[in-house]
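**Q** sharing a sequence plus its predicted fold:
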Amino acid sequence: MKKEILKLRGVKVHFPVQAGVFNRVVGHVLAVDGVDLDIFRGEVLGLAGESGCGKTTLGKAILRLVEPTDGEVKYISLDDNETELTSLEKKDMDPFRKKLQIVFQDPHSSLNPSFTIFGSLQDPLKKFGIKSKEERRKIIGDLLEAVNMRREYMDRYPHEFSGGQRQRIGIVRALCLEPELIVCDEAVSALDVSIQAQVLKLLMQLKKEKNLTYLFITHDLSVTEYLCDRIAVMYLGRIVELCDSEDLYNNTLHPYSEALISAIPVADLDKQTKRIVLEGDVPSPVNPPKGCPFHPRCPKATDICKTEVPTLKKYSTNGNEHYASCHLIDLPEIS
Amino acid sequence: MEDKNNIALSVRDLKTFFYTNNRCNKAVNGVSFDVEKGKTLCIVGESGCGKSVTAATIMQLLPTLSRIEEGEIKFQKDDKIINIEKLEKNGKEMREIRGSDIAMIFQDPMTALNPVYTVGFQISENLKYHTNLNKKEIREKCISLLNDMGIPLPEKRVDEYPHSYSGGMRQRAMIAMAMACNPKILIADEPTTALDVTIQAQIFELMDKLKKENDTAIILITHDMGVVAELADNVAVMYMGNIVEAGTADDVLRRPTHPYTKALLESVPVLGRGKNQDINPIKGSTPDPYNRPIGCQFAPRCNWQTESCDVMPEITQINETHQVRCHKYEQFFEKYK
């Protein structure tokens, strides 16, 4: 039986827009606007979407690196204890920080250049009660070896490493407290293709060894297909489609996912498909369009799309649960 | 390839070196290729392999610490053949070619546009120097260019500054600028790397249209094999300053003959192949350009390495269009036939 590790209910993150002499609030950027999502233990959940759709903000809101404006993030421990994370005091959040970790996008700016690798990486260990330096060195050394780097590298400075190596150090940083869930925020996007494959393989291997759960945030759908069990597609702060990764490619329900998939260049001459070219850009999240947020760019939009906001409904494709929010799906809804 | 009249640009044995701190970086080390009219040549490779330097060399936009060491860049203008490498960098002839006959789209539209001039002004500069149009005609041409690029309300947008354009629109404005004088050759240096896939699809559609309508030769520089499969007629794979494999898209993608090309193709997950596909990373990382391997540059990362790889392999012609730079290509080709 699949067990949840995180339950998100109606998570919203709104950033105020300030203007004028007195910095009055003139509006809100609706970065994440009501997301319901369950993450199961041991799965890789992909979060895909264009830039500005709120995928990174959602990832950070789970860890409370960005405070959610509204909604619940529930953590469920192995012995079924539920804890609501958003209402916790900062201090009480600490034990959960150990269990939920993040790998950042840019390996060049996420390491402090004036500390050695050991200097940067030992802080969390210190904080969580590993007093002896020997032991800290051992933990970090072991992890460096686990990501195919040499133990001695811990006494070097970040500038001595290449992009791929730095990203692996970022992974070590996330791993050193033995977390249960890692949010990978575009963890491979800044890397060259050959290095990207190395890091992807490493992530899969670590997942098996350490029983991890990943929330894998990326804009690259070919990577999500390879890596993820389930994929959530986001558009303007909302999830528009959520299903098993195979179903997303074989039984696409939402026109946005369809366009997104068709736009990806495929490195295979036999698999060329017709591109669906979307008009225009992603609308501003300060002032999202009325009705379905996707309707101004949707090739299939009808009148109902302009007025009514579709909700995420449950369907079944291939015998699997398949959620999508679109008025135009003619499959029977499952309650 | 035989028909000389079809070739818009021909590069032979080009070498561009950079000099810093008494060291020499052989960024482009003997590159040869031809670009045909109305065809797209894709140059693929990882960062640091010299693909952007090749483009900058053709445009004579190299920084001061570098120079063209050897080789020829022959550009066919009307019926004359001009040797670009012999022209003075900022001389009259080079300035005449740059922007009008050969135009370039840069990687990052956020930094390539000047924020203190309107988009219209920046497009019209090209027209001002390269054509005899008067002010009013130039403005009309700007508007029609923006309109062709699919920018809504071009009459209004032409007077706006780059900051009020979105990323995709800025890139389209860049393309409008490059296309202003109907260039014979368009060099696009990673034109969509900074953009989302949906916007990328729009830009590709546009480039396809331009190629068909104006018979423009396009040199597209990219690191994405997917882009190559979609757009390329001809492909050149670069590694550490050399072209290791070149040919038609069919040759290179269906029958890769160089271990590096094969490795590049295998290292990216392909959409639609599902979870069970195998991706194979290339071991190690690209060598330090100041401390290169002797002989074949790819040898230290190659699974097929032997002693013979200590000597730089020569270019071998497999068939009329397909060429490769590897000692072991025959065995390699046999195995993956």
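**A** Okay, I see it.

**Q** contact partners of stretch A:160-169?
**A** With contact meaning CB atoms under 8 Å, 6 or more residues apart in numbering or on different chains, stretch A:160-169 is reached by A:103, A:107-108, A:110-111, A:117, A:121, A:144, A:147-149, A:153, A:158, A:187-188, A:190-192, A:195, A:198-199, A:202, B:285. (Glycine included, C-beta is placed from N, CA and C.)

**Q** same question but for stretch B:14-34, I mixed them up
**A** Counting by CB under 8 Å, 6+ apart, B:1, B:7, B:9-13, B:41, B:50, B:53-54, B:57, B:62-63, B:65-73, B:85, B:236, B:238, B:240-243, B:246, B:289-290, B:292, B:315 sit against stretch B:14-34.

**Q** the residue nearest in space to the middle of chain A pairs with what?
**A** In chain A, the C-alpha nearest the mean C-alpha coordinate belongs to residue A:217, at 3.1 Å (CA atoms, centre = their mean). Beta bridges link residue A:217 to residue A:47, residue A:185 when assigned by DSSP bridges.

**Q** now swap in residue A:12 and tell me
**A** Those that pair with residue A:12 in a beta bridge, by DSSP bridges, are residue A:33, residue A:70.

**Q** okay, now the unreliable bits of chain B?
**A** Along chain B, the parts satisfying pLDDT under 70 run over B:1-4, B:337.

**Q** circling back to that earlier point, give me the buried entries from the contacts of stretch A:160-169.
**A** Neighbour counting by 16 or more other CB atoms under 10 Å in any protein chain shown classes A:103, A:107, A:110-111, A:117, A:121, A:144, A:147, A:149, A:153, A:158, A:187-188, A:190-192, A:195, A:198-199, A:202, B:285 among the contacts of stretch A:160-169 as buried.

**Q** one step back: write a ChimeraX command that selects only the buried members of the contacts of stretch B:14-34.
**A** Of the contacts of stretch B:14-34, the buried ones can be selected in ChimeraX as follows, counting by 16+ other CB under 10 Å:
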select /B:7,9,10,11,41,50,53,54,57,62,66,68,69,71,72,73,85,236,238,240,241,242,243,246,289
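
**Q** so which of the contacts of stretch B:14-34 are in strands?
**A** B:7, B:9-13, B:41, B:66-73, B:236, B:238, B:242-243, B:246 (DSSP state E).

**Q** picking that back up, ok, the residue nearest to the centre of chain A - contacts?
**A** By CB under 8 Å, 6+ apart, residue A:217 lies in contact with A:46, A:47, A:55, A:56, A:58, A:59, A:183, A:184, A:185, A:186.

**Q** give me the phi and psi angles of residue A:75.
**A** phi -100, psi 130 (degrees, to the nearest 10).

**Q** so is the closest residue to it other than its chain neighbours in a helix, a strand, or just coil?
**A** Closest residue to residue A:75 apart from its sequence neighbours, by CB to CB, 6 or more residues apart in numbering or on different chains: residue A:83 at 4.9 Å. Three-state call for residue A:83 (DSSP: H, G, I helix; E, B strand; the rest coil): strand.

**Q** what's the pLDDT at residue A:83?
**A** At residue A:83, the pLDDT value in this model is 90.

**Q** I'd guessed it sits against residue A:74; true?
**A** Yes: Residue A:83 is within contact range of residue A:74, at 6.8 Å (criterion: CB atoms under 8 Å).

**Q** report all helices and strands that the helix or strand residue B:227 falls within contacts.
**A** Taking DSSP states H and E as the definition, residue B:227 sits inside helix B:225-231. Identification of packing neighbours for helix B:225-231 by 3 or more CB pairs under 8 Å, 6 or more residues apart in numbering or on different chains; DSSP states H and E yields strand B:40-44, helix B:197-214, strand B:217-222, helix B:249-254.

**Q** for chain A, which of those is the nearest?
**A** helix B:197-214 (3.9 Å; CB to the nearest CB).

**Q** list of residues touching that closest one?
**A** Outside helix B:197-214, the residues touching it (CB under 8 Å, 6+ apart) are A:50, A:219, A:221, A:259-260, A:262-265, A:275-278, A:281, B:38-40, B:149-150, B:167-168, B:171-172, B:175, B:179, B:182, B:186, B:188, B:191-192, B:195, B:216, B:218, B:220, B:227, B:230-231.

**Q** same deal with stretch A:309-329?
**A** Applying CB under 8 Å, 6+ apart, the contact partners of stretch A:309-329 are A:36, A:238-244, A:246-247, A:250-251, A:253-255, A:291-293, A:300, A:302, A:304-305, A:308, A:331-335.

**Q** any idea how far that stretch is from the chain center?
**A** Put simply, stretch A:309-329 sits 21 Å off its chain's centre (CA atoms, centre = their mean, to the nearest Å).

**Q** got the end-to-end distance for it?
**A** Terminal residues of stretch A:309-329 are spaced 14 Å apart (CA to CA, to the nearest Å).

**Q** show me what counts as buried in it.
**A** The neighbour-count check on stretch A:309-329 (16+ other CB under 10 Å) flags A:310, A:312-313, A:315, A:317, A:322-329 as buried.

**Q** list just the nearest of those to residue B:92.
**A** Residue B:92 lies nearest to residue A:326 out of the buried residues of stretch A:309-329, by CB to CB, at 59.5 Å.

**Q** how close does that closest one get to residue A:254?
**A** According to CB to CB, to the nearest Å, residue A:326 and residue A:254 sit 5 Å apart.
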